[in-house]
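Engineer: Fold the following.
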Amino acid sequence: MDAFMLNGFNQHVPIRRTAAPKVSLAARSHIESMDAGLKSVSGAQEVIKDMLSRRSVTKLILGHNFLGDEGCEELFGFLSSEAGRKFKIAEISLNSNGIGNRGLLAISRYLRDNTTLKELFLQNNEFVGDPSVAVVFALAINASRLETLSLATNPGLTDTFVAHFLPILDAPYFREIHLSVCGLTEGVAQPLIEYLTSPRCQLHVLKLNGNQLRARGVWSVVRAIRRANYTLLRMELYATGLSKLPDDSEVSSSDEEDPNARPPRWQDVENDLKRSLARNLTLKSLVEKEALSLLRYSRVLLLRPKARDAPPPSSTVSPCSESCSCVQMSANTLFSSIGQPYPLSAVPSPPGSYFPFTRLPTELQLHILSFLAPILSNAQRIRIFTYASSPSTLPTLLPCLSNGGCIPDPASPQFTMGGPAAGGFGLSTGITLRKRGGGSVSACASGKCMGAGNSVLCRREAERSQWLASVRCTAFELEDEETERQD
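Structural biologist: Here you go, the predicted model:
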């Protein structure tokens, strides 16, 4: 009887099934195999097999394994192939994998012409300062859109790597580099100064902790930043021997004659660096604000119908040679009229036919518009004028269905799905915040997205940042005349 009742009772009890582990949508495209015992070629093949089983991979986190040169060559050989290029990987971490220069060359081949990889972490490996490898690696970064590179804790790199790497480095998208504990000495001060004070430098973050730069090397770099660098926003110089007083071997005869040339106290050097970085941050925000404002007015005033921009046949400019820069200048309708005779019509044009500003010579128009952005350099203003006057830079009339919009914070239940007017994905995935009293507020009001903890991605902000980088208005540019005046 008890057994019968027990069996009957069990028929009405629902069976509980264990819930599958919750995995976020973003994490499904991440391969995280830290300290997973991946060794050499076999370990790389496991990673490749895991990648092929997924539709997309955006992150490869493979730190603390034993891939070595052989595994690195196997992995990046696949990533450089046609099958591997379909994975749009934005971040790769290979710290503590025993990778040497052979592996670094394999990484360089993958970096060339790569537009998706943004972050590369290679700290604590076995790289050695080989001049040829440094040059190849720098050229690969120049041909990519890499933004962050970490080579920290590679003491074998030494001054040799930096001395051959920085003179070749010319990457407009390169923003951050970590060179802490790389066996550097005060001998790298000169290559660092030449790079930091050149137009090639677009760095925002530079980390040099744990290197023996000593007081003289640090002071010379900080002084160069104050004089001619306006891109750096953060710089770390911990444990570089700055607090140690220079000994007699560091003081030259010229320093003994000139007391002002001697390195000051480390507190003064630190305060000087803080002031320079704060100056750069302030100027950066002003440059970006003025660039966006100048584009707004330049687009209205400089973008004209093609029929009105068509120059007469007699006013064509013949370039000096095929390689001369005036070829590109004459191809732009805005600048084609510069230097040409300005016709003075005796018969006044009918009222309302033309905006009076457009009747002025192009030189005067650009000069008047330049007062809207006094902080920008001439080169920055010219790039904005060229962009604003080109019809090819106008947005498309029809919405792009594949274009991503603003991504809401999943932790915020206040967001509801709206239409394309809300600036969302495709046709019907915009974001609208409902108010209690009725109506709605756009989730991208004033160009700022809403969400818990500000943890949303604003499409407008991303597009603005991309445009500012394309016209190189992410930092203050010092004019040549001002540089000579400071010197």
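Engineer: give the contact list for Gly187.
Structural biologist: Counting by C-beta atoms under 8 Å, 6 or more residues apart in numbering, Gly187 makes contact with 159, 163, 217. To be clear about C-beta, it is placed using only N, CA and C from the backbone, and glycine gets the same treatment.
Engineer: Which one of these sits in the busiest neighbourhood?
Structural biologist: Ranked by neighbour count (other C-beta atoms under 10 Å), the contacts of Gly187 have Gly217 at the top, with 27 neighbours.
Engineer: For it, give its distance to Ala239.
Structural biologist: Distance of Gly217 to Ala239, computed by C-beta to C-beta, to the nearest Å: 13 Å.
Engineer: Then Ser392 would be within a strand, right?
Structural biologist: No - applying DSSP: H, G, I helix; E, B strand; the rest coil, one finds Ser392 to be helix, outside a strand.
Engineer: What helix or strand is the closest residue to Leu366 other than its chain neighbours located in?
Structural biologist: Take Leu366 and drop its neighbours on the chain: the residue closest to it by C-beta to C-beta, 6 or more residues apart in numbering is Phe385, 6.0 Å away. Taking DSSP states H and E as the definition, Phe385 sits inside helix 378-389.
Engineer: repeat for Ala469
Structural biologist: Ala469 belongs to helix 459-470 when assigned by DSSP H and E.
Engineer: Does anything pack onto that helix? Which helices or strands?
Structural biologist: Applying 3 or more C-beta pairs under 8 Å, 6 or more residues apart in numbering; DSSP states H and E, one finds that helix 459-470 contacts helix 266-302.
Engineer: same question for the helix it packs on, mean pLDDT?
Structural biologist: Helix 266-302 comes out with an average pLDDT of 94.
Engineer: Make 752 the starting number, not 1.
Structural biologist: Sure, I'll start counting at 752 from here, so that last one is helix 1017-1053.
Engineer: Give the buried residues for it.
Structural biologist: The neighbour-count check on helix 1017-1053 (16 or more other C-beta atoms under 10 Å) flags 1017, 1020, 1023-1024, 1027-1028, 1031-1032, 1034-1035, 1038-1039, 1041-1043, 1045-1046, 1049-1050, 1052-1053 as buried.
Engineer: about what we covered before: which one among the contacts of Gly938 gets closest to Asn962?
Structural biologist: Checking these against Asn962 by C-beta to C-beta gives Gly968 as the nearest, at 8.7 Å.
Engineer: ok, now which ones touch that closest one?
Structural biologist: Listed by C-beta under 8 Å, 6+ apart, the contact set of Gly968 reads 936-940, 991.
Engineer: circling back: look up how far Leu1229 lies from the residue nearest to Leu1117.
Structural biologist: 20 Å.
Engineer: more neighbours, these two?
Structural biologist: Legend: neighbour count by other C-beta under 10 Å for Phe1136 and Leu1229, higher for Phe1136 (24 against 18).
Engineer: OK, contacts around that one?
Structural biologist: By C-beta under 8 Å, 6+ apart, the contact list for Phe1136 reads 1049, 1053, 1085, 1117, 1120.
Engineer: hmm, back to that, now do the helix holding Ala1220 against helix 1017-1053: the angle between them, please.
Structural biologist: Calculated by axes from the mean of the first three to the mean of the last three C-alpha atoms, to 10 degrees, helix 1210-1221 forms an angle of 100 degrees with helix 1017-1053.
Engineer: pLDDT of helix 1210-1221, averaged?
Structural biologist: Mean per-residue pLDDT for helix 1210-1221: 86.
Engineer: again with stretch 917-937
Structural biologist: For stretch 917-937, mean pLDDT rounds to 95.
Engineer: In that stretch, which residues are buried?
Structural biologist: Those would be 917-922, 925-935, 937, for stretch 917-937 by 16+ other C-beta under 10 Å.
Engineer: Filter the residues you listed down to the ones in helices?
Structural biologist: Among those, DSSP state H puts none in helices.
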